[in-house]
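Undergrad: Provided below for reference: sequence and predicted model.
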Amino acid sequence: MMTTATLFAALAGAGVVAGLLLAVSGLRRHPVPPPGTPTSGSVAWWRPWTASSPARPAQSTGVVWRRWRWPVAASAGLAGWVITGWPVAAPIVVGVVIGLPIMLAGGQEAARAIDRIEAVEEWARRLSDVLVVGVGLDQAITSTVRTCPDLIRPEVAALAARLAARWSTESALRAFADDLDDASADLVVAELILGSRRRGPGLAMVLAAVADSVAEEVAMRRKVEAERAKPRATARAVTLITLGVLLVSSLNGTYLRPYGDALGQLVLLTLAGAFAGALAWMRALTGTRPAPRLLGGPHHETGSPW
């Protein structure tokens, strides 16, 4: 039976390991290229405006968790190993710590992708309104940086920065499409590329029509995600109930005694792996596969925008 001293020793050991992992991670250097260095298809080279973006604080919790989840999981796995005395407890606890937030998150990634496309649709309408007054395309894009939706403001600001850095309009727009990385956004960008080549009237009207088409797709995606939310809720309930039953059952020494030997450890690991695989399969069935993009591939200066 585990004594108080053993429990404190296990917690102390987990704390030491967590401290070492955090220290190593903190000592890692992350060099940042100078702001003037353009990188095709990425906005990582120029992010001074994200510090004041209202969308950034909402993502801070997820960013912090992604950064420290492995140290936390490793510490929890070590603590589980020391407390139970079972080596198999370490990978199981690590899998729970890493996989449970992903499972509970459900369709948040899909919902965020839909919100981003809706932001693209809103930005396209605002750009169309600016183009109506006869402003050039490059100038119109630059003028929408401050008024564009928060979810795509870094990408729009990067687009404006590329145009200010003397990128060709088509190359900047193709890099913008790579930043957004969505088939629906490619429809808007493809129209802007055609408009940048012809430089004629009518771009504002066509852009508004494309925005209407994107709005219809956003509505369709929301209906699909609403239907997929039901099996996701069922999977979350099954996961939490199962973990709760296992937690309560683990307090009973008689229930855990068959898993104490080598064969029991192997059986326990097999059962845990099968359960995790079933949950992963269920998540894959309710997931959303990205549609093929129209503007994928290298950035060509001439030829079809596709």
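TA: On my side now, so go ahead. Keep in mind the model is a prediction, meaning the values are calculated, not measured.
Undergrad: Just the mean pLDDT for stretch 191-208, thanks.
TA: The average pLDDT within stretch 191-208 is 86.
Undergrad: what's in contact with that stretch?
TA: By Cβ atoms under 8 Å, 6 or more residues apart in numbering, the residues outside stretch 191-208 that reach it are 124-125, 127-129, 131-132, 137, 169-170, 173-174, 188, 210, 295, 305. (Glycine included, C-beta is placed from N, CA and C.)
Undergrad: please redo it, this time with the cut-off set to 6 Å
TA: 124, 128, 131-132, 137, 169-170, 173, 210, 305 (Cβ atoms under 6 Å, 6 or more residues apart in numbering).
Undergrad: Tell me the buried residues within the residues you listed.
TA: The neighbour count (16 or more other Cβ atoms under 10 Å) marks 124, 128, 131, 137, 169-170, 173, 210, 305 as buried among the contacts of stretch 191-208.
Undergrad: which two from those residues end up farthest apart in space?
TA: Of all pairs drawn from the buried ones among the contacts of stretch 191-208, the one with the longest distance (Cβ to Cβ) is 128 and 170, at 19.2 Å.
Undergrad: Secondary structure added to the contacts of stretch 191-208, as CSV?
TA: Listed next are the contacts of stretch 191-208 as CSV, based on DSSP: H, G, I helix; E, B strand; the rest coil:
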residue, secondary structure
124, helix
128, helix
131, helix
132, helix
137, helix
169, helix
170, helix
173, helix
210, helix
305, coil
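Undergrad: So, low pLDDT: which residues of the protein?
TA: 1-63, 106, 200, 287, 297-306 (pLDDT under 70).
Undergrad: most centrally placed residue in it?
TA: Centroid-nearest residue in the chain: residue 109, 6.0 Å away (criterion: Cα atoms, centre = their mean).
Undergrad: Please enumerate the helices of this protein.
TA: Taking DSSP state H as the test, the helices found in the chain are 4-27, 55-84, 89-105, 108-132, 137-143, 153-164, 169-180, 183-198, 203-249, 253-256, 262-285.
Undergrad: Any figure for the gap between residue 88 and residue 71?
TA: Counting by Cβ to Cβ, to the nearest Å, the gap from residue 88 to residue 71 is 21 Å.
Undergrad: cool, and residue 226?
TA: 37 Å.
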